[in-house]
Structures are given as C-alpha cells and as structure tokens.
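Visitor: Build me a structure from this.
(one chain, ligands or ions: 1)
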Amino acid sequence: MSKTNQNNTLLIVEDDEGLQSQLRWHFDQHQVVIAGDRAGAIEAIRLHEPPVVIQDLGLPPDDEGVEEGFLCVQEISKLAPNTKIIVMTGNADYENAVRAVAMGAYDFYQKPVDTDTLDLIVQRAYQMYQLEERNRNLLDMQQSPLEGIITADPAMMKICRMLEKLAPTNVTCTLMGESGTGKEVLTRALHNLSPRKDKRFVAINCAAVPENLMESELFGYEKGAFTGAAKRTNGKIENAHQGTLFLDEIGDMPLNLQAKLLRFLQERVIERLGGHEEIPVDVRVICATNKNLPEMVRDGTFREDLYYRICEMEINVPPLRERQGDKILISRHILKRIAKDQSQNITGFTREAVEAIEGYSWPGNIRELENKLKRAVIMCEEKSISPIDLGLHSAENIDINLRQVRQKAEKAAIQRALAISDNNISATAKLLGVTRPTLYDLLKKYDIQLTQ
Ligand SMILES: Nc1ncnc2c1ncn2[C@@H]1O[C@H](COP(=O)(O)OP(=O)(O)OP(=O)(O)O)[C@@H](O)[C@H]1O
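Guide: The predicted structure follows:
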C-alpha cells in the first residue's frame, strides 16, 4: 500500500522565503514540506509522495518568467500523475495559469494570497485525490480478487471466493485445468491467505523429477541409504513442515509411489529412505494436474483411494478461451508490467491486435499470452502493439501476406524464365504460358528491366 493512504503532506514549491513561512504557518494542520526550486520539488515528490502540491510558476533561475515553472509542472505530472498540483501565478497571468492546467496542473490560484480561498482550493484537491484513490483501489480489488490473479470472469471469481474460504482450513485440494491456466498462482495465493503464510511454500513438479529420484526427493534419505547418499538429506515433505506442499502434475506420480504418498496423507508421518524413524510432519497439501484423474483411475494408472484423499475439494480452473473478458484484461495488465520492466514506452494495443487476441484460442493459456506479449514488446516499434508484433495474424493480415507471397513467387518465376530464354520475350511468354501482352504487363507491374 502506498504512503499516500493517510498522507496529508503538502508540498510547497516557492522560492520567496516570506511566502514560504506564511504558507507553512497557515497550513500547519498538514505536514508541510518546502522546496525552493525544481530539483528540490522532484526530490520531495520522490521522498514524500504528497497528494497535493502548491507551486509557484516563477521559479529560479527563471524567477521572472514561467518556463522553469512549466518544466516543474510537467516533471511532477510525469513522476506522480495522481498528485494534484495547484499553480500560483501573478495577478494578471491568467493565460499562463491555463497553460499550466493544460500541462497537467489540477487548478490555479492568482496571487496575492488570500488564505481562505487558497484553503478551499487545497481542501478540494485533497478530497479529489482521496476520491480518486478510493476508486483506484476499488478497481484493483475488482480485477485482482486474490494476490497475483487478474480476472473479471465470474467462474474465476467464484474460485477465488472458494479459495478464500478454504485458506484457513487444512482441506487437501486438487486444482484441475489445462497447462498455464494459473493453478500454481492460485495455490500460492491460497497459501498466502492461510495461517501458514509465514512458513514455507514448497513446490515439486512430479513430471519433472525422474521416477527413480522421486522417492528420495519427497521423503528424503539417511546417510548411506544408497550409493552416493553421503549425508542425511530432508525431503520436500519435511521441508514444508508447518507450511504448504504443492504437488504439481500429481497425475505423473509413479504408481509405486502413490501408495507411500497415500500413507503419508493418512498418517501424516514420513520415513526417510534408509531410516527407521517415523517423523511427524504438519503440512497442508495442494495438488494440481492437467490430466483427467477420474479417467486415469478407470484405466488403473492412478489409485482410486489416493484420488479421493487428494480431492477433498476439487477445483476446476477454466481455460483462458472460456473466460469472459479475461483475454484483454490480463493482456493489458501483463503488457503494463513487461513494458515497465523493460522501460518501453508502449501504451496499449491497436484495434486489430485486440481483435486478434480475442479471436485466438490460446491453447497455452496465460503462459502463452505472457510469452507472446514479451515478444511483442521487443518487436514493437510504435506506441501500440500490433497483431504482427504478437505473432498473431488477423484475417486482413493473412490476405496481405498471401498476396505478397504470390507476387514474390510470380516475380521470381518471370526472372527465371527470362534468364533461361536469354531475355527473348516470345520464348519467355511461351515458357510461362502467357501471351506477349500479358508478359509486358507483368514486366511493368514488377518493374523488371530487360538486361542485355
Ligand atoms: N489470472 C492471472 N493473472 C495474471 N497472471 C496469471 C494469471 N494466471 C496465471 N498467470 C501467469 O501465467 C503463468 C502460468 O501460470 P501457472 O504457472 O500458475 O499455471 P499452471 O496452471 O500452474 O501451469 P502448469 O500446469 O503448466 O504448471 C504464470 O507466469 C502466472 O504468473
């Protein structure tokens, strides 16, 4: 949460010492910060994040002019776009006051200072700031129902509410859904909402660990348990003690280990490989899979008793293509983040890009979306991302590209035929199966010169 929440800092940018102390005294119910020039003002903005700034337009070294004051307004607006700047101008300087507002100032005030009027303007600026901030927070809450999750889709919202209810319990949940739909992000959010949030979140991807290493990876081993077991090593389950254990791709758990995992889930004790001691472990277990577990149970590749044990609560995460409004909403959020990370001044998407994003089925879900956006930010040469930057081609673009491909091929064929026929028009036309007038038209169209 930003400092600005209950922040009543008032930054006064003014080089006249008399005015500085008059204003400081008048606004003593605020935390007043004074800056005498542009550099001081920017430093104070970074340090105090004031909701409101009163700024003189005549700042040194241009005390008599307004250029330095304008630069200051522009820099503050860029750095802290939500901050309300009230500019102070000379009595007859209405035009410059309006120019400052056009540059991003919130309001203006003409000297000499009448504190009652200035008071009103300043209080109104604070109110406006707070109102806008409340709106921003509401908007954030709507689009980010859980930490790291951006969604506007009703089914996803329901899942988020469900996770909030499950968080304080120890119920073992399994999230089912295609790859890249956010199963791990949802699990981390659940952990962060739970009383275990200050303990470890330990994730293991069952598909990524070779079958022969899985047992020692999960349960740990004693020194000498097998060749190469040089010292006692804890497994992932033990490492997650008092925290959350995330078993990703549980559908890939080798059948012979499923029984051992079931025993742990029932009795909450483990035995390290090569050990004889039963070690009690307190972990919350969350599983995820993109496989159809009921089908695997029917096929005999997943134990039925384990299935029921891990699915005390089953959560089906919908693919991106089925979520209402999420494609563009998540795209905008991710784009903002990537553009900021890479210091790129990209502001959004072209209309065609929005259509292409909406029209694509996203088989790789949000992970694919993230990858395409990363590529797009690198490729983009304008302020808005186009379908070509994304590697997505709208119907229009496919037409253009096909036409280009056809034209290129046609031109190359004509040049080859000319070369074979030694630039003889009749022979070339015959070779290409067109009439002489058609060939002349084509030579003109592709601007092909006959070399001697
Ligand atoms: N709702 C969302 N809002 C923003 N980013 C998201 C959202 N859901 C997922 N992501 C991002 O998408 C990427 C993939 O998410 P995650 O790894 O959680 O998917 P997964 O379903 O666990 O995938 P897999 O099955 O392949 O392990 C991550 O970088 C994650 O931050």
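
Visitor: and the stretch 51-200 of the chain, which residues reach the ligand?
Guide: 149-151, 177, 179-185 (C-beta under 6 Å from any ligand atom). For glycine as for every other residue, the C-beta is placed from the backbone atoms N, C-alpha and C.

Visitor: Now do the contacts for the residue of the chain found nearest the ligand.
Guide: Residue nearest to the ligand within the chain: Gly182 (2.6 Å; C-beta to the nearest ligand atom). Residues counted as contacts of Gly182 (C-beta atoms under 8 Å, 6 or more residues apart in numbering) are 149, 317, 365-366.

Visitor: Quick check: the gap between Phe108 and Val98.
Guide: Using C-beta to C-beta, to the nearest Å, we find Phe108 at a distance of 8 Å from Val98.

Visitor: The two: which has the busier surroundings?
Guide: Set Phe108 next to Val98 and count neighbours by other C-beta atoms under 10 Å: Phe108 wins out with 21 against 13.

Visitor: That one sits in which helix or strand?
Guide: According to DSSP states H and E, Phe108 maps onto strand 107-110.

Visitor: What is the subsequent helix or strand relative to that strand?
Guide: Per DSSP H and E, strand 107-110 leads on to helix 115-143 as the next helix or strand towards the C-terminus.

Visitor: and that next one, average pLDDT?
Guide: Here helix 115-143 scores 82 as its mean pLDDT.

Visitor: Which elements pack onto it?
Guide: helix 17-26, strand 52-56, strand 84-89, strand 107-110 (3 or more C-beta pairs under 8 Å, 6 or more residues apart in numbering; DSSP states H and E).

Visitor: just the helices in the stretch 351-452 of the chain please.
Guide: Under the criterion DSSP state H, counting those that start in this stretch, the stretch 351-452 of the chain contains helices at 351-359, 365-379, 387-390, 395-420, 425-432, 436-445.

Visitor: Check which helices and strands the last one is in contact with.
Guide: Okay, so that is helix 436-445. If contacts are counted by 3+ C-beta pairs under 8 Å, 6+ apart, helix 436-445 sits against helix 395-420, helix 425-432.

Visitor: Most tightly packed of those helices?
Guide: Compared across the helices and strands packed on helix 436-445, helix 425-432 shows the largest average neighbour count, a mean of 16 (mean count of other C-beta atoms under 10 Å).

Visitor: what about it, distance to the chain center?
Guide: Relative to the chain's own centre, helix 425-432 is displaced by 59 Å; criterion: C-alpha atoms, centre = their mean, to the nearest Å.

Visitor: Show the average pLDDT along the particular helix or strand that has Val285 in it.
Guide: Remark: Val285 resides in strand 284-289, with elements defined by DSSP H and E. The average pLDDT for strand 284-289 rounds to 97.
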